[in-house]
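Visitor: One predicted model, sequence on top.
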Amino acid sequence: MGAALATPTRLFLEANLGVIDEVLSPLSPTELITFSSIGTCFAITAYNHSRSTLRSVRCGIKWCYKHGIRTSIQYFGIQLAKRLPWTRTKIDEDAKQRTDDMIFQMDTEWSDLLDPSTRLPENRHHCLPANKTSTSELLTLLMKWSKLESSRWNQGQASGAIYHGDSKLLEFLGQVYGLFTVANPLHPDLFPYVRKMEGEIVAMMISLFHGKVKNSQCHDTGGTDEKENVPDSTTPECCGTLTSGGTESILLACKAYRDRAKDLYGITSPEIVAPTTIHAAFEKAAHYFGMKLVHVEIDEKTSVVNVDDVRRAINRNTVLIAGSAPNFPHGIIDPIEQLAKLAYENNIGFHSDCCLGGMILPFVEKLQQLGRLEEDENNPLPLFDFRVKGVTSISADMHKYGYAPKGSSVVMYSSSELRHYQYFVSLDWTGGIYASVSCFIVLAVQLLNVSNIYFLKPTLSGSRPGAISAATWAVMVHLGEQGYMDISEGIIRTARAIKRGIDNNIDGLYVIGNPLSSVVSFRSALPSLNIYSVGQAMTKKGWNLNTLQHPDSIHICCTHLHIGKSDQFLNDLHDAVTEVKSHPDKFDDGSVALYGMAHSISDVTLLEPIALGFVDALFTG
């Protein structure tokens, strides 16, 4: 068949080549090369533009199909109106009024949270006091404030936020923190034990995620029996760095993939492909680093992304695919194995975001292997770590289920080559040898007689609090594997009890998907039942839950403080649903009003001034 098709093509070329030669004969070789090059560049540009245009059109059609004709018309009408001077002014005035109203309401609510004495002029500090204040007086005041604040969470009614909360552990961490208050990892020659502890934290986390650690002396931590998923002599040695939190870990990973793609493949318009449930830090990274985040829709009932949709979103500019284990909104673990396989087949990096579940999911697996937790045969715990072929980086927070002080996370890589793209190096800086390069660089400069001086920053921060690193190391060594398993068992049992209770006993609500971790997200099954009103009713009962959107839902992130409180939560939730059904008009302010406004406006960018005003209010004394 190939020969049959080739004959007409050859005849066509033979018949027309003479005409083409005759047309081009007046041109010199230089002109031919020039015009050919210009034509080729134009064709490539047109091809890439057409692909981008078609992709945008396809996304637009999917958006219109999802939101309906009416909402689509409203959206495009608002976009047009925003470009007209008169309507732009009216929109700005309306947005300012909405923002002022919302800020006033928030300021009133925040003021009500404080002790009335703090509003007295003598207790407000907008400039430095003229005279010293005694340490005893300040400690008395701060102890009072701390006690009042702890009363807002120590009853175990806050979703997430405080992941352990035991007074003895907090006292221990405070003691460790005090011992290393002045420590700064920027100066490893002055604080060698902090450097030692940071290196060991990274090694312990890599081991927990089944990566290969250099010179590791770890005991067998379990895992699956699949040999292909176990690190062996051919597996690259993993590495990582400490960061100030999940956001910084994600930012650094995205920077590494961007810089690597530009260096090796010349990609200047890098793209990230991820489900819509991926953490907003990826959007922040895209904004900071000139990348494009391509969101792939999830199934609203299961919260699972379709791998084929991810495959269709990949193009020549894709440098990273990302997934969550679990995602923050609904506690669902993305299909990490399938997504990583897709990334591997396309020579793309894959990041497993375990910031939320990184210090609990590994212990859930161990508990199931030991028979202490039942495994759902229809929904087994999937792999999400370095055992998965194609996973090239992982982020995990120790300040959540690792129970370390806030400001402790780690980003891990499958190779040091990838980690090097995370770093920032400045040559010929006039400030001399910066302390972050440590005494080892000083020694290298002296031994090698290097004239250039280096400024090296492994993370976004320069100076960092060594006390946080010391406290993180201390809590990990103190609890050990057994301690983490004991706490994780109680948390997972609590989350499972809440899930069963909502599905079986509360009419009008259902759990989104099949969460395997500590987060349980639920939404309304009845059009007449406003889930945000249910959330407000729960707030009045002392609960502090997380409000979500797309779809409208609420979640509770179970922690150590929730162990033994599943019945109380379910009883309060049942009563809250009954109250909202009986008196829906009683719940129409606060988050109900804000999210109701978001759904009544087709262009949510109109709410941006309110979001900016909220952040402004956080830093107003």
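Guide: Sure thing, it's come through.

Visitor: Note down every partner strand of the helix or strand hosting residue 351 and its orientation.
Guide: Under DSSP states H and E, the secondary-structure element containing residue 351 is strand 349-354. Sheet pairing of strand 349-354 (DSSP bridges) gives strand 318-324 (parallel), strand 393-397 (parallel).

Visitor: chain center to the longest one, what's the gap?
Guide: Spelled out, that is strand 318-324. Offset of strand 318-324 from its chain centre (Cα atoms, centre = their mean, to the nearest Å): 12 Å.

Visitor: Would you mind getting the angle between the following helix or strand past the strand holding residue 351 and strand 349-354?
Guide: Elements were assigned by DSSP H and E; along the chain past strand 349-354, the next helix or strand is helix 361-369. Between the axes of helix 361-369 and strand 349-354, defined by axes from the mean of the first three to the mean of the last three Cα atoms, to 10 degrees, the angle is 70 degrees.

Visitor: helices or strands up against helix 361-369?
Guide: Under the contact criterion of 3 or more Cβ pairs under 8 Å, 6 or more residues apart in numbering; DSSP states H and E, helix 361-369 touches helix 466-505. C-beta coordinates here come from the backbone N, C-alpha and C atoms, glycine included.

Visitor: Run the angle between the helix it packs on and helix 361-369 for me.
Guide: With the same axes, to 10 degrees as the basis, helix 466-505 and helix 361-369 are set at 50 degrees to each other.

Visitor: and helix 466-505, what other elements does it pack with?
Guide: Judged by 3+ Cβ pairs under 8 Å, 6+ apart, helix 466-505 is in contact with helix 167-179, helix 192-208, helix 361-369, strand 509-511, strand 519-524, helix 566-582.

Visitor: Can you lay out the ones you listed as JSON lines showing mean neighbour count and distance to residue 305?
Guide: What follows is the helices and strands packed on helix 466-505, written out as JSON lines (neighbours: other Cβ atoms under 10 Å; distance: least, Cβ to Cβ, whole Å):
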{"stretch": "helix 167-179", "mean neighbour count": "14", "distance to residue 305": "37"}
{"stretch": "helix 192-208", "mean neighbour count": "20", "distance to residue 305": "26"}
{"stretch": "helix 361-369", "mean neighbour count": "21", "distance to residue 305": "18"}
{"stretch": "strand 509-511", "mean neighbour count": "19", "distance to residue 305": "18"}
{"stretch": "strand 519-524", "mean neighbour count": "24", "distance to residue 305": "16"}
{"stretch": "helix 566-582", "mean neighbour count": "18", "distance to residue 305": "28"}
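
Visitor: Of all the ones you listed, which one comes closest to residue 419?
Guide: Closest approach to residue 419 among the helices and strands packed on helix 466-505 (Cβ to Cβ): helix 192-208, 10.5 Å.

Visitor: Would you mind identifying the next helix or strand past that closest one?
Guide: Taking DSSP H and E as the definition, the helix or strand that follows helix 192-208 towards the C-terminus is strand 239-243.

Visitor: That next one pairs with which strands, and in what direction?
Guide: On the basis of DSSP bridges, the sheet neighbours of strand 239-243 come out as strand 409-413 (antiparallel).

Visitor: What lies in contact with the partner strand?
Guide: Applying Cβ atoms under 8 Å, 6 or more residues apart in numbering, the external contacts of strand 409-413 come out as 201-202, 205-206, 209, 211, 238-246, 248-250, 252-253, 256, 355, 386, 392-399, 419, 422.

Visitor: tell me the angle it makes with helix 192-208.
Guide: The directions of strand 409-413 and helix 192-208 differ by 60 degrees, with the same axes, to 10 degrees as the criterion.

Visitor: so how far is the helix or strand following strand 409-413 from its chain's centroid?
Guide: Tracing the chain C-terminally past strand 409-413 and defining elements by DSSP H and E, one meets helix 416-420 next. In this view, helix 416-420 has its centroid 21 Å away from the chain centroid, taken as Cα atoms, centre = their mean.

Visitor: Equivalent analysis for stretch 278-293, please.
Guide: 10 Å.

Visitor: Can you give me the buried ones in it?
Guide: Burial within stretch 278-293, assessed by neighbour count using 16 or more other Cβ atoms under 10 Å, is assigned to 278, 279, 281, 282, 283, 285, 286, 291, 293.

Visitor: Over to stretch 404-417?
Guide: Of the residues in stretch 404-417, those with enough neighbours to count as buried (16+ other Cβ under 10 Å) are 404, 405, 407, 408, 409, 410, 411, 412, 413, 414.

Visitor: Kindly state the beta-bridge partners for the fifth one.
Guide: The partner list for residue 409 in beta bridges (DSSP bridges) reads residue 243, residue 397.

Visitor: if we can go back for a sec, for residue 161, which of the helices and strands packed on helix 466-505 is the nearest?
Guide: strand 519-524 (13.0 Å).

Visitor: Residues touching the closest one, excluding its own?
Guide: In this structure, residues lying in contact with strand 519-524 by Cβ under 8 Å, 6+ apart are 303, 326, 328-331, 356, 495, 498-499, 502, 508-513, 515, 530-531, 534, 548, 551-558.

Visitor: got the contact list for residue 484?
Guide: Under the contact definition (Cβ under 8 Å, 6+ apart), the residues listed for residue 484 are 359, 360, 363, 401.

Visitor: can we see that at 6 Å?
Guide: Under the criterion of Cβ atoms under 6 Å, 6 or more residues apart in numbering, the contact partners of residue 484 comprise residue 363.

Visitor: Can you tell me how far it is from residue 242?
Guide: Here residue 484 is placed at a distance of 19 Å from residue 242 (Cβ to Cβ, to the nearest Å).

Visitor: Same list (the buried residues of stretch 278-293) but as CSV, adding secondary structure.
Guide: As requested, the buried residues of stretch 278-293 are exported to CSV (DSSP: H, G, I helix; E, B strand; the rest coil):
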residue, secondary structure
278, coil
279, coil
281, helix
282, helix
283, helix
285, helix
286, helix
291, coil
293, strand
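
Visitor: Check the strands paired with strand 349-354 for me and report the most buried one.
Guide: Mean neighbour counts were compared across the strands paired with strand 349-354 using mean count of other Cβ atoms under 10 Å; the top stretch is strand 393-397, at a mean of 29.

Visitor: neighbouring contacts of that strand?
Guide: By Cβ under 6 Å, 6+ apart, the surrounding residues in contact with strand 393-397 are 209, 246, 249-250, 253, 351-355, 358, 409-413.

Visitor: Give the rounded mean pLDDT of that strand.
Guide: For strand 393-397, mean pLDDT rounds to 98.

Visitor: what's the spacing between it and its chain's center?
Guide: Here the centre of strand 393-397 is set off from its chain's centre by 10 Å, with Cα atoms, centre = their mean.

Visitor: check contacts around residue 514.
Guide: So, once contact is read as Cβ under 6 Å, 6+ apart, residue 514 ends up touching residue 379.

Visitor: Surely it is within a strand?
Guide: No. Under the criterion used here (three-state DSSP), residue 514 is coil, not part of a strand.

Visitor: where does it land on pLDDT?
Guide: At residue 514 the predicted local distance difference test score is 93.

Visitor: And for residue 165?
Guide: At residue 165, the predicted lDDT confidence score is 90.

Visitor: before we move on, what about residue 187?
Guide: The score at residue 187 is 84. That number is its pLDDT.

Visitor: ok, now the one 4 residues further on?
Guide: Residue-level confidence at residue 191 comes out at 93, pLDDT.

Visitor: Now do the phi/psi pair for it.
Guide: Backbone torsions for residue 191, taken as degrees, to the nearest 10, come to phi -130, psi 70.

Visitor: can I assume it is in contact with residue 183?
Guide: Yes. Using Cβ atoms under 6 Å, residue 191 is in contact with residue 183, at 4.6 Å.
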